[in-house]
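A.B. asks: Sharing a model prediction with you, sequence too.
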Amino acid sequence: FQRVQHVSVRAGEVVLWDNRLPHSNAYKHTGSLPRSVIYCSFLPNVAVNRKYVESQLQDFLAQRKPGDQWIEESNKEEDEEMSSGKDLMDRKCATANLDYGALPVQSAITNAQWVRYPCLTSVDAPDAPLEFRIDKANTLIDLNQVFLQLTVRILKADGTALVNEDLVGSVNNIGYSMFRSIDVFIQDQKVTQDQGLYPWLSYVRFLTGCTQSEIDYYLYNSLWRKDKAGLMDQVTAGDLRNKGFIDRAAYFQRSLEVQLLMKVTPDFTIDKLLPPQTEVAFRFLRCSPDLCLLAEKGEFKLEVKRAELTIAKYTLTDDALKSVNNQMSRGLTYPSTRYSTRTRVVSKNDQNCEWVPYSGTLPRRIYVFQTSQVAFNGRIDKNIFNFQHFNLQNIQVFRNDEGCPMSTAIPFDQSYPNLLYQTTLAS
């Protein structure tokens, strides 16, 4: 690590390095504006590299993961290497059907770019959804690479700016928490479920399904700052113990404009690219201010000044595009992973709660979070992510009225003051 050097790069500059050299992005971006980078790979124009590039194309067309070496056995003589490479290419040319399981390799595309789309609706109307449309074109669309850039600020309910005495900020992860739902339409058909629970869905998805580096990047740019456990509702002026809230409130002081960048994560994922001539639309439905803002008292609103959608699109070569069209004529399937949320109201006096949240297709994983009804409904002085245990004693899971393995009613350790419940639930 003593030899690791940070390379500071200004806008428009180029960095060249041997790809065999260990390298990575900066740990986090601390600037006020988002930045983009384009990676380009170059190989010397010699016979062995030309064969390697051709094999990459065939791997892509045959839905195979390409190798990262242009020869299989580096210790052989050059003529043996060439012969081995030719045999390898012959085996890889067995099929030429294009699949969208991976991004196109450089030799299969003529253009790859980030395309920006303006918001079609008025961003000034506080209750109006943000809508975007990607028109049909001869390009592939990657729904896993969609980003929403926002410029927002907090105002008083009457539209006037905040003053120094106003202590108001956002709940955590405001880039996502400000929307109650994200609707996606493919060929004018809605493919998402309108559950109205997107703040909790996105919060749980990131904290349970992302690596630490992804959390550091995506959540940092959506203004995620860790709240102090036990003080998530502490928004009193002069009390600085909940540093997460204080940091978020500092961004919005005196109604300063804040830029946010969020990776659009609807309630489903598909690993394949959408084929050419596919029309896609996005609709972002906003939450009420009492859900996404925090203050000791008063009425405020979150104003959107600017909204822009950026999506990755790929233009294929004529041969690759022809292969896509041939496969489309035979029909395409898109396996997907669905993320759903369910809610249940439990009375304070209920000692037992039975709940059937799923029937038919069973989920692969279930997370149970509890919060107060007041916070869930939205109140300016309550944090919607203040999850609590409410002295829960045990959980049993049943499938077709039979207890699942390892789901006996073993009481949890009731040492909540010592935080032992965290270990119990995690295991």
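C.D. replies: Good, I have the coordinates. Numbering: from 1, shown residues only.

A.B. asks: Distance from stretch 171-180 to the middle of the chain?
C.D. replies: 13 Å (Cα atoms, centre = their mean, to the nearest Å).

A.B. asks: Please renumber the chain so that the first residue is 10 from this point on.
C.D. replies: Got it, the first residue is 10 from now on, which makes the last one we talked about stretch 180-189.

A.B. asks: Identify each buried residue in that stretch, please.
C.D. replies: Neighbour counts over stretch 180-189 (16 or more other Cβ atoms under 10 Å) mark Val180, Asn181, Asn182, Ile183, Gly184, Tyr185, Ser186, Met187, Phe188, Arg189 as buried. Where C-beta positions appear, they are placed from N, C-alpha and C, glycine not excepted.

A.B. asks: Quick check: end-to-end length of that stretch?
C.D. replies: Stretch 180-189 has an end-to-end distance of 13 Å (criterion: Cα to Cα, to the nearest Å).

A.B. asks: Contacts for it, please.
C.D. replies: Stretch 180-189 has contacts (Cβ atoms under 8 Å, 6 or more residues apart in numbering) with 157, 159, 161, 179, 205-208, 211-212, 215, 228, 230-236, 253, 257, 269-271, 274, 293-296, 300-303, 311, 392-394.

A.B. asks: Only the buried subset of those, as a PyMOL command please.
C.D. replies: For the buried members of the contacts of stretch 180-189, the matching PyMOL selection, counting by 16+ other Cβ under 10 Å, is:
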select buried, resi 157+159+161+179+206+207+208+211+212+215+228+230+231+232+233+234+236+253+257+269+270+271+274+293+294+295+296+300+301+302+303+311+392+393+394
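
A.B. asks: Out of the contacts of stretch 180-189, which sit inside helices?
C.D. replies: Within the contacts of stretch 180-189, residues falling in helices by DSSP state H are Tyr207, Pro208, Ser211, Tyr212, Phe215, Asn230, Gly253, Arg257, Leu300, Cys301.

A.B. asks: Just put those in TSV and tack on distance to Ala166 and pLDDT.
C.D. replies: Formatted as TSV, these follow (distance: Cβ to Cβ, whole Å; pLDDT from 0 to 100):
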residue	distance to Ala166	pLDDT
Tyr207	24	92
Pro208	21	92
Ser211	26	88
Tyr212	26	85
Phe215	30	80
Asn230	28	87
Gly253	25	91
Arg257	19	93
Leu300	15	93
Cys301	14	94
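
A.B. asks: Return the closest of these with respect to Ser381.
C.D. replies: Leu300 (13.3 Å; Cβ to Cβ).

A.B. asks: re the thing from before, which two from the buried residues of stretch 180-189 end up farthest apart in space?
C.D. replies: Longest span within the buried residues of stretch 180-189, Cβ to Cβ: Asn181 and Arg189, 15.8 Å.

A.B. asks: how about the strands in the chain?
C.D. replies: Using DSSP state E, the strands of the chain run over residues 118-127, 139-143, 149-165, 177-179, 188-195, 198-199, 267-272, 277-279, 289-295, 302-304, 309-325, 345-347, 407-408, 411-412.

A.B. asks: can you list those in TSV and add mean pLDDT and distance to Ala71?
C.D. replies: TSV is the format used below for the strands of the chain (pLDDT from 0 to 100; distance: least, Cβ to Cβ, whole Å):
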stretch	mean pLDDT	distance to Ala71
strand 118-127	86	17
strand 139-143	96	29
strand 149-165	92	17
strand 177-179	94	48
strand 188-195	94	26
strand 198-199	92	31
strand 267-272	92	30
strand 277-279	86	20
strand 289-295	96	27
strand 302-304	94	52
strand 309-325	92	15
strand 345-347	84	23
strand 407-408	78	40
strand 411-412	71	45
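
A.B. asks: can I get those strands in CSV with distance to Arg388?
C.D. replies: Below are these laid out as CSV (distance: least, Cβ to Cβ, whole Å):
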stretch, distance to Arg388
strand 118-127, 34
strand 139-143, 25
strand 149-165, 17
strand 177-179, 14
strand 188-195, 16
strand 198-199, 31
strand 267-272, 23
strand 277-279, 31
strand 289-295, 17
strand 302-304, 10
strand 309-325, 13
strand 345-347, 31
strand 407-408, 35
strand 411-412, 38
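
A.B. asks: if I pick the nearest residue to Val172 once chain neighbours are set aside, what's in contact with it?
C.D. replies: With Cβ to Cβ, 6 or more residues apart in numbering as the criterion, Val172 has its nearest non-adjacent residue at 7.0 Å, and that residue is Arg263. For Arg263, the contacting residues are Ala170, Leu171, Val172, Asn173, by Cβ under 8 Å, 6+ apart.

A.B. asks: For this structure, which residues score under the pLDDT cut-off?
C.D. replies: Residues of the chain meeting the criterion pLDDT under 70: 10-11, 72, 74-116, 412-436.

A.B. asks: Nearest residue to Thr319 in space, please, no chain neighbours.
C.D. replies: Per Cβ to Cβ, 6+ apart, closest to Thr319 is Phe156, 4.6 Å.

A.B. asks: Who is the one you found paired with across the strands?
C.D. replies: Lys272, Thr319 (DSSP bridges).

A.B. asks: Equivalent analysis for the one 5 residues further on, please.
C.D. replies: When bridges are assigned using DSSP bridges, the partners listed for Val161 are Val267, Val313.

A.B. asks: residue contacts, it?
C.D. replies: Ile183, Met187, Glu266, Val267, Leu269, Leu311, Glu312, Val313, Lys314.

A.B. asks: I'd like to know how far it sits from Val200.
C.D. replies: 27 Å (Cβ to Cβ, to the nearest Å).

A.B. asks: Please apply the same query to Ala246.
C.D. replies: Applying Cβ to Cβ to Ala246 and Val200 gives a distance of 45 Å.

A.B. asks: next one: Asp390
C.D. replies: Relative to Val200, and taking Cβ to Cβ, Asp390 is found at 37 Å.

A.B. asks: With Pro135 instead?
C.D. replies: Pro135 is 27 Å from Val200, by Cβ to Cβ.

A.B. asks: Neighbour count for these two, which is higher?
C.D. replies: Regarding Pro135 and Val200, a neighbour count based on other Cβ atoms under 10 Å identifies Val200 as having more, with 18 against 15.

A.B. asks: Look up how far Thr245 lies from the closest residue to that one other than its chain neighbours.
C.D. replies: Excluding its sequence neighbours, the residue lying closest to Val200 (Cβ to Cβ, 6+ apart) is Val193, at 5.4 Å. Val193 sits 40 Å away from Thr245, going by Cβ to Cβ.

A.B. asks: The two: which has the busier surroundings?
C.D. replies: Counted by other Cβ under 10 Å, Val193 and Thr245 do not tie: Val193 has more neighbours, with 18 against 13.
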